[in-house]
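1. show me the folded form of this:
(one chain, ligands or ions: 1)
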Amino acid sequence: MKVARILGIDIFINFSWLFVFALVVWSLAGNIGPLHALKLAPVARAFLAIVTASLFFLSVLVHELTHALVARRSGIPIRGITLFIFGGVSLLDFEPTAPPREVWLAAVGPLTSVTLGVAFAALAQRVSIPPHHLITAVHDWRGGFTLVFDCLARSNYALALFNLLPAYPLDGGRVLHALIWRSTGDQHQATSYTVIVGRSIAACFLALGIYWTVTDGFGLGFWLTLLGWFLLQAGEAERVVARVTEALRGHQAAELAQPPAVQVRADQTAATALNDLLNAHVHAAPVFVGERLIGIVTLQSLVRVADPAVAYVTTAMTKITEVTTISGDCEAVDVTRQFAHGGPPLLPVLDVDGEVLGFITREIVLSWMMKDPLVEAPL
Ligand SMILES: [Zn+2]
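-> As a prediction, the model looks like this:
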């Protein structure tokens, strides 16, 4: 779910995030939360809890934004940021190509969180009441905001620490990856070692979390279990990506290109084109003038045409100059990256002279990956 666009970067929210937001507000304002000590009305406590949770999630967003901005500055395209259960993930189009870049790209996040933590601690200092007044003044709003800022300072420090854990896909894991990469000179070996370390950490968290949950009941143990499970899942996803990359190494985009299931002529009406697409069970098709590719139409763009029986198909077309294309001699891995987060409906593959070699769809990429015995699960 897209919620905003900041500095040209799309911000998405995963539904798990809304659940966690509610959980954080509830645990802050609840009977065991830090705000309970305040002699405030429940409504006021809930308000402070919502302020705290909002500022915390804003802190997570700032953390991710700095990653995204550093990535963009070093020429790595960014698709956006997704906020989900344990914070955020910046969606990068390409992995960094050299270790020093990766270190900086990863380290900037925790650095941001520490800086935010220091800032919130300073704010807490400013609004705080001298210690000898504290007992009598806890019912004051000032006391409330001291607690809020103090809580935010701590959570930002915790965020920095958590992200420094050497487990993929956390920042610490990326730093570890870069360090192994630098010392061995082998990116893929670095990935496998990082995945092993990450799994070990996840396993420890899971074991400890389950143990604490059994002995002490819900609380820290529950969160630790959740964290361990998350790390295990994320590490597994990373391992699949690494295997896919390995499997596709040495293959070129031209090998994946296929002729279009249906092609449309520029002098067709939108209605006949729509009919052709529906009959061929495809959601996108190339538009040609003779042999020349001039653009792409999709089902969505065709159904939006006002008078399809009369209007030419070109009114619904995305011009070839605005379409993402890929060169036939590009690495197949680059193609999978195009489709990692949805991707274009149809990716034209061109040779050096700009002639069309064929087209790649998400389905083609997936079937190509499944065909390979190295890959056990599709993305
Ligand atoms: Zn980070």
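2. show me the helices in the stretch 101-250 of the chain, by range?
-> Taking DSSP state H, counting those that start in this stretch to define them, one finds helices in the stretch 101-250 of the chain at 131-137, 141-163, 171-184, 187-216, 220-248.
3. how about these in JSON lines, adding mean neighbour count, mean pLDDT and distance to the ion?
-> Glycine gets a C-beta too; all of them are placed from N, C-alpha and C. Formatted as JSON lines, those follow (neighbours: other C-beta atoms under 10 Å; pLDDT from 0 to 100; distance: least, C-beta to the ion, whole Å):
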{"stretch": "helix 131-137", "mean neighbour count": "11", "mean pLDDT": "53", "distance to the ion": "35"}
{"stretch": "helix 141-163", "mean neighbour count": "20", "mean pLDDT": "81", "distance to the ion": "5"}
{"stretch": "helix 171-184", "mean neighbour count": "21", "mean pLDDT": "84", "distance to the ion": "4"}
{"stretch": "helix 187-216", "mean neighbour count": "17", "mean pLDDT": "84", "distance to the ion": "15"}
{"stretch": "helix 220-248", "mean neighbour count": "18", "mean pLDDT": "75", "distance to the ion": "13"}
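4. how about TSV for those, with distance to Gly354 added?
-> Output for these, formatted as TSV (distance: least, C-beta to C-beta, whole Å):
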stretch	distance to Gly354
helix 131-137	73
helix 141-163	44
helix 171-184	36
helix 187-216	32
helix 220-248	25
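5. ok, now which ones touch the residue of the chain found nearest the ion?
-> For the chain, the residue closest to the ion is Gly109, as judged by C-beta to the ion, at 2.7 Å. By C-beta atoms under 8 Å, 6 or more residues apart in numbering, Gly109 lies in contact with 63-64, 66-67, 160, 163, 171.
6. JSON lines for those residues, including distance to Ala261?
-> Compiled in JSON lines, the contacts of Gly109 are given as follows (distance: C-beta to C-beta, whole Å):
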{"residue": "His63", "distance to Ala261": "44"}
{"residue": "Glu64", "distance to Ala261": "39"}
{"residue": "Thr66", "distance to Ala261": "43"}
{"residue": "His67", "distance to Ala261": "39"}
{"residue": "Ala160", "distance to Ala261": "50"}
{"residue": "Asn163", "distance to Ala261": "45"}
{"residue": "Asp171", "distance to Ala261": "43"}
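7. which one of those residues sits closest to Gly358?
-> Nearest to Gly358 among the contacts of Gly109: His67, at 35.6 Å, using C-beta to C-beta.
8. buried residues in the helix or strand hosting the closest one?
-> Per DSSP states H and E, His67 falls inside helix 42-73. Using 16 or more other C-beta atoms under 10 Å as the test for burial, helix 42-73 gives 44-49, 51-53, 55-57, 59-68, 70-72.
9. if you compare the directions of that helix and helix 141-163, what angle comes out?
-> Calculated by axes from the mean of the first three to the mean of the last three C-alpha atoms, to 10 degrees, helix 42-73 forms an angle of 40 degrees with helix 141-163.
10. check the offset of helix 42-73 from the chain's centre.
-> Remark: helix 42-73 is offset 16 Å from the chain centroid, using C-alpha atoms, centre = their mean, to the nearest Å.
11. tell me what it is packed against?
-> Judged by 3 or more C-beta pairs under 8 Å, 6 or more residues apart in numbering; DSSP states H and E, the packing partners of helix 42-73 are strand 9-13, helix 15-29, strand 78-84, strand 87-92, helix 99-127, helix 141-163.
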